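S.K.: structure for the following, please:
(one chain, ligands or ions: 1)
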Amino acid sequence: MNKHEQYFNYSFLSKEDINLFDEKGFLVIKKILTPSGLTQMREECMKAWNAQKQAFDPSKSWLQNSLLVNIHHQSSVARNYYFEGPLVDIASQIIGPNIKGATSQLTFKMRGNTKPFGWHQDNGYGELEPYNALTTLTALDDTDRGNGCLWLIPGSHKQGQIKVKQTEEQKTKQAEIIVDADEDLAVPMEMEAGDALIFNCWMLHKSDGNYAGDRDRRILFLRYADADAVEVYNNRKPRLGRLVKGSSIFEEVRAFEKEL
Ligand SMILES: O=C(O)CCC(=O)C(=O)O
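M.R.: Numbers count the residues shown, from 1 in each chain. Sure, this is the predicted structure:
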């Protein structure tokens, strides 16, 4: 029995799943959180959120209104999920034997938060190489078109890295990086609370505002990368992140293993 089985449902991708992922660039994993995992995750994440975030302010950016970084420093269930949960093996099936955590954050669009987040690739923010990083979004609420679910364009990862000339604000992650996309090809990713969506670092995706009025849309966003992944925008220095499987050629990444 896995020590976190009470909170997470462990599974592996089948060969068909992996083929589908290669072709479409995304997969949905149903019920990856157990009912108690979902309850605990919501509780701990909301505690961190309420301690640091203010009510929605339309004059502020999406990032200011909707993002809380490094949730694994603030919630033990999020930390266990990130470093020892089912996504670790799933990420390893896609990326390879050596992987590290690259990003952990909450993207919460609470009721009344009508800010959209335009089309982008996750590897457009802080480009990592090799180009096989995996984004995972775990829904903490049922999410649909009404409350601002994610939309993506199946197969759009095949166009590779979209080069954007970034402004100073974008480089320091204070401003969004929006790219062109064909809205007609977009598909809404409606999910039930406790499901996870995983996608390739080049997947084009966006979300609209939460216009549901009486429903929040809370998402736990975790990203995994090859343990040797470097930051292209930062003189190709290794991205620091905890090693969760295998090893790294970089001493500083191996040392990071011991940290939270
Ligand atoms: O949570 C959202 O609405 C969008 C999040 C997203 O696409 C991202 O953080 O890259």
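S.K.: do a quick rundown of the helices in the stretch 51-200 of the chain.
M.R.: 62-66, 76-84, 86-95, 168-171 (DSSP state H, counting those that start in this stretch).
S.K.: tell me which of the ones you listed sits nearest to the ligand.
M.R.: Ranking the helices of the stretch 51-200 of the chain by proximity to the ligand (Cβ to the nearest ligand atom) places helix 62-66 first, at 6.5 Å. Glycine gets a C-beta too; all of them are placed from N, C-alpha and C.
S.K.: I'd like to know which elements that closest one is packed against.
M.R.: strand 99-109 (3 or more Cβ pairs under 8 Å, 6 or more residues apart in numbering; DSSP states H and E).
S.K.: does the strand it packs on come close to the ligand?
M.R.: Yes. On the criterion Cβ under 6 Å from any ligand atom, strand 99-109 is in touch with the ligand at 107, 109.
S.K.: how about the residues of the stretch 101-250 of the chain near the ligand?
M.R.: Where proximity means Cβ under 6 Å from any ligand atom, the interface of the stretch 101-250 of the chain facing the ligand comprises 107, 109, 117, 122, 150, 205, 207, 219, 221.
S.K.: need the helices of the stretch 51-200 of the chain in CSV (columns: mean pLDDT).
M.R.: Below are these laid out as CSV (pLDDT from 0 to 100):
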stretch, mean pLDDT
helix 62-66, 90
helix 76-84, 97
helix 86-95, 98
helix 168-171, 71
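S.K.: export those to a markdown table and tack on distance to residue 126 and mean neighbour count?
M.R.: Below are the helices of the stretch 51-200 of the chain laid out as a markdown table (distance: least, Cβ to Cβ, whole Å; neighbours: other Cβ atoms under 10 Å):
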| stretch | distance to residue 126 | mean neighbour count |
| --- | --- | --- |
| helix 62-66 | 13 | 18 |
| helix 76-84 | 18 | 21 |
| helix 86-95 | 17 | 20 |
| helix 168-171 | 10 | 12 |
